[in-house]
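Novice: Would you be able to build a 3D model of this:
(4 chains)
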2 protein chains.
Amino acid sequence: MAWKNPLTTVDVAIFTVADEALQVLLVQRAAAAGEPFPGDWALPGGFVDVERDADLEACALRKLREKTGVATPYLEQLGSWGDAKRDPRGWSATHAYFALIAPAPLRADGNAADARWFPVSGDGVRVKLAFDHARLLAAAIARLRGKVEYTSLPAFLLPKEFTLSELQRAYEIVLGRALEKSAFRTRVLGAGLVEPVARTRQGPNRPAQLYRLRNPRKPVFFSRAFSPRDA
Amino acid sequence: MAWKNPLTTVDVAIFTVADEALQVLLVQRAAAAGEPFPGDWALPGGFVDVERDADLEACALRKLREKTGVATPYLEQLGSWGDAKRDPRGWSATHAYFALIAPAPLRADGNAADARWFPVSGDGVRVKLAFDHARLLAAAIARLRGKVEYTSLPAFLLPKEFTLSELQRAYEIVLGRALEKSAFRTRVLGAGLVEPVARTRQGPNRPAQLYRLRNPRKPVFFSRAFSPRDA
DNA sequence: GGAATAGTGTCTATTAGACATTATTCC
DNA sequence: GGAATAATGTCTAATAGACACTATTCC
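Specialist: Numbering: from 1, shown residues only, chains lettered A, B, ... in the order given. Here you go, the predicted structure:
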């Protein structure tokens, strides 16, 4: 192989919903000499380890597990970005994924000395990101918002059991706009996306039926988007 | 960098519609000694050239141009596949794209001694493909079929000017099922996807209005899929 | 006029959206 | 009973699908 070969990394945009906001997990880069973007915040990621990672998805899952302990997220490939300039060390290409998980405490161990949830505002976060991660994150947010219009993705941002109101709230947080309750329920129940469990959520008011995903691995696609009106 | 780094390639699934079928462009691999999969058919692609390719998309466009001469196709990133075994030369990752172009004569020059259109049948072609290209091609076909339900992608498989009947036929070929004429026209015209040009297609019957894309760069997304009935 | 395809009109069924109403709990 | 949220019902507007019908060319 007489070829100069690009560097290969995997980065993961990990989302959840907490505190009434969409949150993304960022890690702080080491301040060691020679490291690019020392101290900056970045999406969890890094070089593919050809000894440990069987394939790209396994690599993404490993990075997610190292930061959150979550082993079975919703994981989707976002795309890849590669050019001569995005990494000061040379021509590099990253395989970007995005993951949706229920709110989870972060693992402080390992090399992830500093991992934190950041609320999403607009098409990014308020801190400057390393590499071209602002671009990756914007793409992840756009993909998520786009798919939420016609899929069940927000269900993966919630704990295993949830009420329809909580699900609707997750949709509204990601979309940034209110949805009509009746239409929302008809749609969700009609799609067979969830099934009721024999428990209710108690509160200072009428208890709410709890549901769980009928298929916790696969999202459901609706044949119509929400609010075609504004389209 | 003490890292063993994966090999990096770009592959492109190039589609068109001709002879009443969806066609994909394949190239025959060299039979030289040491080359993997000698003589097998494969998607056009190969190693990223860090000297010539500014970024991944430029690399994909270069490969498309080398085979077809087309410079401005509809080009979309399909995803990436990387693992330890897909290339006998070592851990490799490919960035896959898919392109839609109007029927075009192939360029016989260059290293593409043998490039041919193959009709798509089912989720692939009838010849055995090199590497994991059968998997890539199946993913490309699935993506195309899926998006055709709710986008204007088939318009990119036609020449610059076309009639609504020709556009409908392109949809039907990709989808593999008939569409209702009236609903189709209402939808296409209502979406403002095309605009009439001051010419008609003559034939042994009533001439048909010719249209062109209003925006030849960007696809249109419909808010509803075709035939939600069967969904 | 006949064949062939282009293009339009009418009707119905489905369903999202808006909004009102009823239901069930805690205090 | 009052507050709060859950859950359902009713009405309307939009539109896809089915299918019939009209229009325009060549022969």
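Novice: Any buried residues in stretch A:54-61, and which?
Specialist: Using 16 or more other CB atoms under 10 Å in any protein chain shown as the test for burial, stretch A:54-61 gives A:D55, A:L56, A:E57, A:A58, A:C59, A:A60, A:L61. Backbone N, C-alpha and C define where each C-beta goes, glycine included.
Novice: is it up against chain B anywhere?
Specialist: Yes. Counting by CB under 8 Å from any CB of the partner chain, chain B is contacted by stretch A:54-61 at A:A54, A:D55, A:L56.
Novice: ranges for the helices of chain A?
Specialist: A:56-68, A:133-148, A:164-175, A:181-190 (DSSP state H).
Novice: out of those, which comes closest to B:V70?
Specialist: Across these, the minimum distance to B:V70, taken as CB to CB, is reached by helix A:133-148, at 26.0 Å.
Novice: quick check, the closest one touching chain B?
Specialist: No. Counting by CB under 8 Å from any CB, chain B is not contacted by helix A:133-148; separation bottoms out at 8.9 Å.
Novice: what's the distance between that helix and the middle of its chain?
Specialist: 9 Å (CA atoms, centre = their mean, to the nearest Å).
Novice: Please name every helix or strand in contact with that helix.
Specialist: If you count contacts as 3 or more CB pairs under 8 Å, 6 or more residues apart in numbering or on different chains; DSSP states H and E, helix A:133-148 packs onto strand A:7-18, strand A:21-28, strand A:74-83, strand A:92-100, helix A:164-175.
Novice: Most tightly packed of those?
Specialist: Stretch with highest mean neighbour count among these: strand A:92-100 (a mean of 26; mean count of other CB atoms under 10 Å in any protein chain shown).
Novice: Let me have the helices and strands packed on helix A:133-148 in a markdown table, adding mean pLDDT and distance to DNA strand C as columns.
Specialist: A markdown table is the format used below for the helices and strands packed on helix A:133-148 (pLDDT from 0 to 100; distance: least, CB to the nearest atom of the strand, whole Å):
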| stretch | mean pLDDT | distance to DNA strand C |
| --- | --- | --- |
| strand A:7-18 | 96 | 21 |
| strand A:21-28 | 95 | 21 |
| strand A:74-83 | 97 | 23 |
| strand A:92-100 | 97 | 22 |
| helix A:164-175 | 95 | 11 |
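Novice: export the ones you listed to JSON lines and tack on distance to DNA strand D?
Specialist: Formatted as JSON lines, the helices and strands packed on helix A:133-148 follow (distance: least, CB to the nearest atom of the strand, whole Å):
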{"stretch": "strand A:7-18", "distance to DNA strand D": "16"}
{"stretch": "strand A:21-28", "distance to DNA strand D": "18"}
{"stretch": "strand A:74-83", "distance to DNA strand D": "24"}
{"stretch": "strand A:92-100", "distance to DNA strand D": "22"}
{"stretch": "helix A:164-175", "distance to DNA strand D": "3"}
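Novice: Redo the ones you listed as TSV? Include distance to B:T186.
Specialist: Compiled in TSV, these are given as follows (distance: least, CB to CB, whole Å):
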stretch	distance to B:T186
strand A:7-18	38
strand A:21-28	37
strand A:74-83	34
strand A:92-100	36
helix A:164-175	28
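Novice: out of those, nearest to B:R187?
Specialist: helix A:164-175 (24.7 Å).
Novice: Please compute how far the closest one lies from its chain's middle.
Specialist: 15 Å.
Novice: I'd guessed A:V194 sits against A:N215; true?
Specialist: No. Counting by CB atoms under 8 Å, A:V194 does not reach A:N215; the two are 9.8 Å apart.
Novice: the more surrounded of those two?
Specialist: A:V194 (22 against 12; other CB atoms under 10 Å in any protein chain shown).
Novice: Just list the residues touching the closest residue to A:T9 other than its chain neighbours, thanks.
Specialist: The shortest distance from A:T9 to any non-neighbouring residue, by CB to CB, 6 or more residues apart in numbering or on different chains, is to A:T94 (4.4 Å). With contact taken as CB atoms under 8 Å, 6 or more residues apart in numbering or on different chains, A:T94 is in contact with A:T8, A:T9, A:V10, A:D11, A:G45, A:S80, A:W81, A:G82, A:R86, A:F131, A:L136.
Novice: that older thread, so for B:A142, which of the helices and strands packed on helix A:133-148 sits nearest?
Specialist: Nearest to B:A142, of the helices and strands packed on helix A:133-148 and by CB to CB, is strand A:74-83 at 13.8 Å.
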